[in-house]
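Novice: starting from these lines, generate the structure:
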Amino acid sequence: MTDALTFYRTGEHDCSYLADKKAQTIFLDPAIELSQSILETLSNHGFRRSGSHVYRPECHQCNACESTRVIIEQFKWRRSFKRILKQNQDIELRICESEFRQDHYDLFERYINERHSDGDMYPTSEQQYSDFLLEGFTQSYIVEFRLHGVLLGCTVIDLLFSGISAIYTWFDPDYADRSIGSLAILELIKLATRLPLPYVYLGYWIKGSSKMNYKSRFKPLESYKNDSWQEIINESFE
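Specialist: Prediction:
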């Protein structure tokens, strides 16, 4: 799978999701030019991209982080999902090139300040934003959500051969009742259906983590564990 690629391992550090746990990460040599084929192969083995870094948690005595993807052909359009689409039918979607735009950053900064001031990205900066979301991969795009021209949210996506990888979503906190985060996933599922592509990759999920429970509402959902993709069954995520 990755015999020709070089990987490195970080030292142990505090886990961002599980208290009293130490984490380690393996990541692709950043000097390697990241082609669509390489990212496709690594994504199919549970890796994720953040800027120029492609990584996967690999912790001693813990395998709680599981990469996830929605199976598009079998996706279940629940009534709650249809309500979200109906509620937001006045929102316009635009797919843009992955480049710096001041209104994108201003909304990102506000989102981090109001929603994630206890996280690793606070305080943010234009350089940090660019390194995290705009660098590293040529097949990356930004999906805008606008209401009468006003920017309500953005989602950064990677286009893979097997699907769409959702990198990060941010939105205007004043419009939280619009469920922009869920709307973004639903719109990516619709886009994958049209292309057509078999999966939408949603990143890592940890059973019992309240920060990640929302991902598991989008069923059927597979997770990568024990070197294979397996459907997540009989879990309660509401």
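Novice: in this structure, what secondary structure element scores lowest on mean pLDDT?
Specialist: The least trusted helix or strand in the chain, going by mean pLDDT, DSSP states H and E, turns out to be strand 13-14, with a mean of 87.
Novice: run through who's touching the host helix or strand of I167.
Specialist: Take DSSP states H and E as the rule and I167 turns out to sit in strand 163-171. Here strand 163-171 makes contact (C-beta atoms under 8 Å, 6 or more residues apart in numbering) with 43, 48-50, 69, 72, 107-108, 111-112, 132-133, 140, 145, 152-159, 178, 180-181, 184-185, 188, 191-192, 197-203. Heads up, the C-betas are built off the backbone N, CA and C, glycines and all.
Novice: partner strands of that strand, parallel or antiparallel?
Specialist: For strand 163-171, the pairing partners within the sheet under DSSP bridges are strand 150-159 (antiparallel), strand 199-205 (parallel).
Novice: hey, where'd the helices end up in this protein?
Specialist: Secondary structure of the chain (DSSP state H): helices at 36-43, 79-87, 102-115, 126-133, 180-194.
Novice: buried sites along the first one?
Specialist: Buried residues in helix 36-43, counting neighbours by 16 or more other C-beta atoms under 10 Å, are found at I38, L39, E40, T41, L42, S43.
Novice: the inter-axis angle of it versus strand 199-205?
Specialist: Calculated by axes from the mean of the first three to the mean of the last three C-alpha atoms, to 10 degrees, helix 36-43 forms an angle of 50 degrees with strand 199-205.
Novice: equivalent analysis for the last one, please.
Specialist: Here helix 180-194 points in a direction 150 degrees away from that of strand 199-205 (the same axes, to 10 degrees).
Novice: and helix 180-194, how far out from the chain middle?
Specialist: Distance, stretch centre to chain centre, for helix 180-194: 12 Å (C-alpha atoms, centre = their mean, to the nearest Å).
Novice: packing partners for it?
Specialist: Contacts defined by 3 or more C-beta pairs under 8 Å, 6 or more residues apart in numbering; DSSP states H and E place helix 180-194 against helix 79-87, strand 140-147, strand 150-159, strand 163-171, strand 199-205.
Novice: so for F100, which of those sits nearest?
Specialist: Smallest distance to F100 across the helices and strands packed on helix 180-194 (C-beta to C-beta): 10.1 Å, for strand 140-147.
Novice: related to what we said a few turns ago, and the helices of the chain as a markdown table, adding mean pLDDT and distance to K21?
Specialist: Shown next, in a markdown table, are the helices of the chain (pLDDT from 0 to 100; distance: least, C-beta to C-beta, whole Å):
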| stretch | mean pLDDT | distance to K21 |
| --- | --- | --- |
| helix 36-43 | 97 | 24 |
| helix 79-87 | 98 | 32 |
| helix 102-115 | 97 | 23 |
| helix 126-133 | 97 | 23 |
| helix 180-194 | 98 | 26 |
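Novice: among these, which is nearest E222?
Specialist: helix 36-43 (12.4 Å).
Novice: so D29 makes contact with L5?
Specialist: Yes: assessed by C-beta atoms under 8 Å, D29 is found in contact with L5 at 7.1 Å.
Novice: higher neighbour count, those two?
Specialist: In this view D29 and L5 are compared by other C-beta atoms under 10 Å, and L5 has more residues nearby, 13 against 10.
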